[in-house]
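In: My questions concern the predicted model and sequence given below.
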Amino acid sequence: MTVRGSWLGRRHLGLVAIACLLGLAGAAAPARPAALGCAAADGLHHVALVVEHGDGRILVRCVAFGAATISGAQALALSGVAYATTGYAGLGLAVCQLDGEPTTFPAGCWTDTGPYWVMFVARGGGAWTLSSLGISSQTLRDGDAEGFRYDAQTGSPAPPAAPSRCPPTSAPTRAPVSAPPSRRPSPRPVPTPGPPRVVPISTAPASVAAPTAAAQRSASGPASAAATTLPAAASTAGGAAASPRGRPLASSPASAVVPAAGVLALAVLLLVAIGVAVWRRRRTR
Amino acid sequence: MNPRALLLWSAAALVVDLVTNDPLYRALVVLVALDVLAARLPAERSLRPTLIGVSLFGALAVGLNALLSHSGVHVLAVLPVAWPLVGGPLTAESVAYGADVALGLVGAVLAVAPVSLVLEPHELIDALPARLERSGLVLAVALNLVPGIGRTALAVRDAERMRGWRPRGPRSWAEILVPTMLGAIEDALALAEAMEARAYGTLARTRFASTPWHARDRVALGAAWAAVALFLVARLGGGTPDWQPYPAITLPPLDPVLVAACLLLALPALP
């Protein structure tokens, strides 16, 4: 079948090319988040961790790191808070247990009706947004915050307490900046609530030493008894390090949604315009 | 457009539709396939029956998932729990997942629709490699079966109406169904005799006119498979995570590069 009329084809080819270029440009220019209050300390990068328990208790940690980005699972591991995870359909790892809550959890991590850990992310001191990825797939930068709330699953998941600035870093427990990448952090009890535990690292996120099972168990002190319920995969040090764990949920960060939505809207408009033009041409034939 | 190029384009669109369950990319594939069908459909053929069919399938997928899946935190309505299978909460998440499945189904059907709606049976056989000639013949005959039976049914119904037949419930349609099936069998025998009369199976198949490849066919095909490559690379690299609306509905992930890849599929729609 041959369709004549090259003027229409050239115009549409041009539009397609423009759309492709805009798409590539949108992908290459993500918005830079602003820094949180704790971000400037010691010239390191910082991520705040906010954990809101079902009874309203709030745990805040400030995690420092040397690389440009860190995964949500690495941030959680470096915070010293005990946790357990499970894989979640290609989205990363979901958090089943955090800071000893719940004391036990089902084999599938959560149920359709019971409470569960919902993950939120705040970019550059902004508002919480529900995370659409598990903690192993979520990338955090300096000034971002990672939040978890134990939600009763009775309606829309509410975000945890405001992603406030990192706690003061006057009494951090520090590991040497020049520590070799393979060095494991020693188990170090951190009372809850207690001073923030800052673990500066100078290595790339991929080489960040994961907490050992002992470190995970001892990190949250009172939760050590609960940590005995961690699944085998979660209590394997190497596995925890190489494959960060996370809770899937939520929408993309607002800074990434805006350009992506623009590109999508442009693409849809372009395809509809092509369709209308082709259909009108077909009817006049 | 060259039949082989169109066949390979359909395969590329099908791969893009199925390689991810992200509803945004699937919606783009649906739009692209509609554009290509509108541009390439012969004037004497109509797209309406296909659109009605895929719309019904899509609505069925959404409805079934909404009724049978009760997971999700955003409850829209609650059916009595005593109702078997469907009893329980109807959630926005189950509706969204049903819509995603529907988009996948509709996209897959529309992606391969040019094979039956745009190509003639002999073009389809020509488009297949020589080793698949017999398979292509079976496919072409099968593709002609449905419209052939439809035409026979309409003819029988018109003839019966002229004789005073009127629909009076499901039983009365047997008077249409039986002659239709007999007509279909008769058509199949006639087709077999015609093929035998043309020495089918005795010698290699001859071709009466092969459509040449044009530069735009190569460009459109290259763009379509470039789109497939982008999706596969993103998939293998973890760039297109599956969308999962449960337990709380979320915005699907979106990569502008993959949106551009979907647009590459639309080149055959351009005149």
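Out: Nice, I can see it. This structure is a prediction, so every number in the text was calculated from the model and none was measured.

In: which bits of the stretch 151-271 of chain B sit near chain A?
Out: Applying Cβ under 8 Å from any Cβ of the partner chain, we find that the stretch 151-271 of chain B lies next to chain A at B:238, B:241-242, B:244, B:247-248, B:250-257, B:259-260, B:262-264, B:266-267, B:269-271. Yep, even glycine has a C-beta here, placed from its N, CA and C like the rest.

In: Just the buried ones among those residues, please.
Out: B:241-242, B:244, B:247-248, B:250-257, B:259-260, B:262-264, B:266-267, B:269-271 (16 or more other Cβ atoms under 10 Å in any protein chain shown).

In: Does the longest helix along chain A reach chain B?
Out: In chain A, taking DSSP state H as the definition, the longest helix is helix A:254-284. Yes - on the criterion Cβ under 8 Å from any Cβ, helix A:254-284 is in touch with chain B at A:257, A:259-261, A:263-264, A:267-268, A:270-272, A:274-275, A:278-279, A:281-282.

In: List of residues touching stretch B:7-16?
Out: Outside stretch B:7-16, the residues within contact range by Cβ atoms under 8 Å, 6 or more residues apart in numbering or on different chains are B:25, B:29, B:32-33, B:36, B:107-108, B:111-112, B:114-115, B:119, B:124, B:127-128, B:220-221, B:224-225, B:227-228, B:231-232, B:261-262, B:265, B:268.

In: Can I get the buried part of those as one PyMOL selection?
Out: A single PyMOL command selects the buried members of the contacts of stretch B:7-16 (16+ other Cβ under 10 Å):
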select buried, chain B and resi 25+29+32+33+36+107+108+111+112+114+115+119+124+127+128+220+221+224+225+227+228+231+261+262+265+268
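
In: Show only the entries of the contacts of stretch B:7-16 found in helices.
Out: B:25, B:29, B:32-33, B:36, B:107-108, B:111-112, B:114-115, B:124, B:127, B:220-221, B:224-225, B:227-228, B:231-232, B:261-262.

In: Name the surrounding residues that touch stretch B:109-123.
Out: Counting by Cβ under 8 Å, 6+ apart, residues outside stretch B:109-123 touching it are A:1, B:3, B:6-7, B:9-10, B:13-14, B:17, B:29-30, B:33-34, B:36-37, B:40-42, B:45, B:47, B:50, B:53-54, B:57, B:124, B:127, B:140-141, B:143-144, B:208, B:211.

In: what residue ranges in the chain score low on pLDDT?
Out: Using chain A here. A:1-43, A:88-90, A:107, A:163-258, A:285 (pLDDT under 70).

In: Sorry, I should have been clearer: chain B.
Out: Looking along chain B with the criterion set at pLDDT under 70, you get B:205-209, B:239-241.

In: Residue in it with the shortest distance to chain A?
Out: Proximity to chain A, evaluated over chain B using Cβ to the nearest Cβ, is greatest for residue B:260 at 3.5 Å.

In: Check which residues of stretch A:146-158 are buried.
Out: Per 16+ other Cβ under 10 Å, stretch A:146-158 contains these buried residues: A:146, A:147, A:148, A:149, A:150, A:151, A:153, A:157.

In: if I've got this straight, the last one is in a strand?
Out: So that's residue A:157. No - going by DSSP: H, G, I helix; E, B strand; the rest coil, the assignment for residue A:157 is coil, not a strand.

In: Tell me if I'm right that it and residue A:115 touch.
Out: No - the pair residue A:157 / residue A:115 is not scored as a contact, 10.4 Å apart, by Cβ atoms under 8 Å.

In: Give the residues shared as contacts by the two.
Out: residue A:151.

In: Up against chain A, what does the stretch 1-150 of chain B have?
Out: B:1, B:24, B:27-28, B:31-32, B:34-35, B:38-43, B:70-71, B:73-74, B:118.

In: Buried subset of those, written for PyMOL?
Out: To isolate the buried members of the residues of the stretch 1-150 of chain B next to chain A in PyMOL, using 16+ other Cβ under 10 Å:
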select buried, chain B and resi 1+24+27+28+31+32+34+35+38+39+40+41+70+71+73+74+118
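
In: what about the closest residue to residue B:50 other than its chain neighbours, distance to residue B:23?
Out: Sequence neighbours aside, residue B:113 is the residue nearest to residue B:50 in space, at 5.8 Å (criterion: Cβ to Cβ, 6 or more residues apart in numbering or on different chains). Separation of residue B:113 from residue B:23 (Cβ to Cβ, to the nearest Å) stands at 20 Å.

In: again, but for residue A:84
Out: Residue A:84 is 31 Å from residue B:23, by Cβ to Cβ.

In: Now compare the buried residues of stretch A:146-158 and name the two farthest from each other.
Out: Spatial extent of the buried residues of stretch A:146-158 (Cβ to Cβ) is set by the pair A:146 and A:153 at 20.5 Å.

In: Break chain A into its domains for me.
Out: A:7-30+A:256-284, A:37-252 (automatic domain parsing).

In: next helix or strand past the helix or strand harbouring residue B:141?
Out: Using DSSP states H and E, residue B:141 sits in helix B:133-162. Proceeding C-terminally, helix B:133-162 gives way to helix B:174-197 as the next helix or strand, assigned by DSSP H and E.

In: relative to helix B:133-162, how tilted is that next one?
Out: Here the directions of helix B:174-197 and helix B:133-162 differ by 140 degrees (axes from the mean of the first three to the mean of the last three Cα atoms, to 10 degrees).

In: List of residues touching helix B:174-197?
Out: Under Cβ under 8 Å, 6+ apart, the answer for helix B:174-197 is B:141, B:145, B:148, B:149, B:152, B:153, B:155, B:156, B:157, B:160, B:165.

In: Regarding the closest residue to chain B within the stretch 101-250 of chain A, what is its secondary structure?
Out: Nearest residue of the stretch 101-250 of chain A to chain B: residue A:132, at 4.4 Å (Cβ to the nearest Cβ). Classification of residue A:132 using three-state DSSP returns coil.

In: my read: it touches residue B:251, true?
Out: Yes - shown here, residue A:132 and residue B:251 form a contact pair, counting by Cβ under 8 Å, at 6.4 Å.

In: circling back to that earlier point, show me what counts as buried in the longest helix of chain A.
Out: A:255-257, A:259-261, A:263-264, A:266-267, A:270-271, A:274-275, A:277-278, A:281.

In: For it, enumerate the helices and strands it packs against.
Out: If contacts are counted by 3 or more Cβ pairs under 8 Å, 6 or more residues apart in numbering or on different chains; DSSP states H and E, helix A:254-284 sits against helix A:6-28, helix B:23-40, helix B:256-264.
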